[in-house]
Structures are given as C-alpha cells and as structure tokens.
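> give me the fold of what follows.
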Amino acid sequence: YIKQASTRLSEQIKALLEHSRIGRSGNKKLVNTKEVVKVVNNDLGKSIEDRKAKIHVGELPEIMGYEVELRLLFQNLISNAIKYTPKERNPEVRISAFREGEFWLFSIVDNGMGIAKDDQAKIFTIFNRVKNDD
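Predicted coordinates for the structure are as follows:
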C-alpha cells in the first residue's frame, strides 16, 4: 500500500513539474499536428493494439505551437479515451480540425464512458480524476 501511494505521489509531482513548464520549452514553431498524432499513435501502439482501438484522423493543420506540449496533449486524450472505454467495447477516437476565422478548432471525440455532468466543471482541475467504475 505504501509503495503504491509513494508511486502515485511521485507521478503527481512529475505531472505538476511538467504542468509548470508548459510553454517554457522554447519559442513556438510550425508544428505539423498530423505528424504529431502519427507519432503518438506509434507510441501508444501496444495499448491501441491490445484494446483493438481505432484512431480515425482527419486532415490536421500545421500550426504555430509548442510541439512537446501538443504531443503530450494528444497522448493524454487518446490514452484516456482508450483507458475509459468499457472493456466490452473497442475504443474509437476521431480527431479532426477546422478553421474558424484566424484560429483552428480541434475536435477529439471518443466512444468512452463520458464525463458525468457533476464532474464536467472540475474535470480540468489539475490532478482531478473522474470515478472509474468498471
């Protein structure tokens, strides 16, 4: 129990450090988001294969941004979609983007369990997790 608790605490500290460094990895540069998602899919290959997940990727733009942070964002979204899909369902994730004025709007949709209405307001609070009822 103590070992598991210390591992969780260590992971939280690492996550907090990563969170505090967002945007500090240098200047924004032109990032091919389609390539970033391709790298993430490769990195998550084993869990994608194990869960027979399907990742559908539409046309994605090149944008000015922080490549490492964008990779971590897509990695977290895809891995959470796989993690929070009930075992009796094969995970499916759809990633797309479209231009809205001078901005790009990204859409990431999955067939996971969703987020309870009560949790939606606090889901993006750091270290907050939703209940994981199998």
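
> mind listing what residue 55 touches?
Counting by Cβ atoms under 8 Å, 6 or more residues apart in numbering, residue 55 makes contact with 37, 41, 48, 78, 92-93, 95. All C-beta spots, glycine's among them, are computed from the backbone N, C-alpha and C.

> that one and residue 98: what is the separation?
With the distance defined as Cβ to Cβ, to the nearest Å, residue 55 ends up 19 Å from residue 98.

> now swap in residue 1 and tell me
Taking Cβ to Cβ as the measure, residue 1 falls 48 Å from residue 98.

> buried members of the contacts of residue 55 into PyMOL, please.
Applying 16 or more other Cβ atoms under 10 Å to those, the buried members can be selected in PyMOL as follows:
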select buried, resi 37+41+48+78+92+93+95
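
> closest to residue 17 out of the contacts of residue 55?
Comparing the contacts of residue 55 against residue 17 with Cβ to Cβ places residue 78 closest, at 22.3 Å.

> isn't the closest one up against residue 85?
No - under the criterion of Cβ atoms under 8 Å, residue 78 is not in contact with residue 85, lying 11.2 Å apart.

> how many neighbours does residue 62 have?
As a burial measure, the neighbour count of residue 62 was computed by other Cβ atoms under 10 Å and equals 12.

> renumber starting at 849 from here on
Understood, numbering begins at 849; the last thing we discussed is residue 910.

> pull the residues that contact the helix or strand hosting residue 887.
Secondary structure assigned from DSSP states H and E places residue 887 in helix 881-891. For helix 881-891, contacts defined as Cβ under 8 Å, 6+ apart pick out 896, 903, 905, 907-911, 915, 918-919, 922-923, 926, 943, 945, 954.
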